[in-house]
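Participant: coords below, sequence missing:
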């Protein structure tokens with residue numbers, strides 16, 4: 001399932017921002033399965049995969065404030 005483009009920042013290094021491509025993937029190694037997240041990092045052509053638990057522990061959503069006040 002493809003999501004609207006969601007941006008996240010690394011909790012430990014705020015300058016690292018990533019964009020989630022999908023949070024509905026299955027990582028399989030042998031017979032072991034994990035729920036996962038696929039994301040890209042700005043300026044890189046690689047696609048990264050992490051377990052959901054690891055991703056949620058490492059990244060937080062980027063909060064944008066609306067210019068309307």
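Facilitator: Yep, it's here. Everything numeric in this text was worked out from a predicted model, so none of it was measured.
Participant: Pick out the residue closest to the middle of the protein.
Facilitator: residue 20 (4.1 Å; Cα atoms, centre = their mean).
Participant: what sits opposite that residue in the beta ladder?
Facilitator: Under the criterion DSSP bridges, residue 20 forms beta bridges with residue 6, residue 39.
Participant: In contact with it, which residues?
Facilitator: By Cβ atoms under 8 Å, 6 or more residues apart in numbering, the contact set of residue 20 is 3, 5-8, 37-39. The way it works is simple: take the backbone N, C-alpha and C, and place the C-beta from them, glycine included.
Participant: Quick check: the gap between it and residue 57.
Facilitator: 15 Å (Cβ to Cβ, to the nearest Å).
Participant: Output the below-cut-off pLDDT ranges for this structure.
Facilitator: The chain contains residues with pLDDT under 70 at 1-4, 65-69.
Participant: For it, just list every one of the helices.
Facilitator: Under the criterion DSSP state H, the chain contains helices at 52-58.
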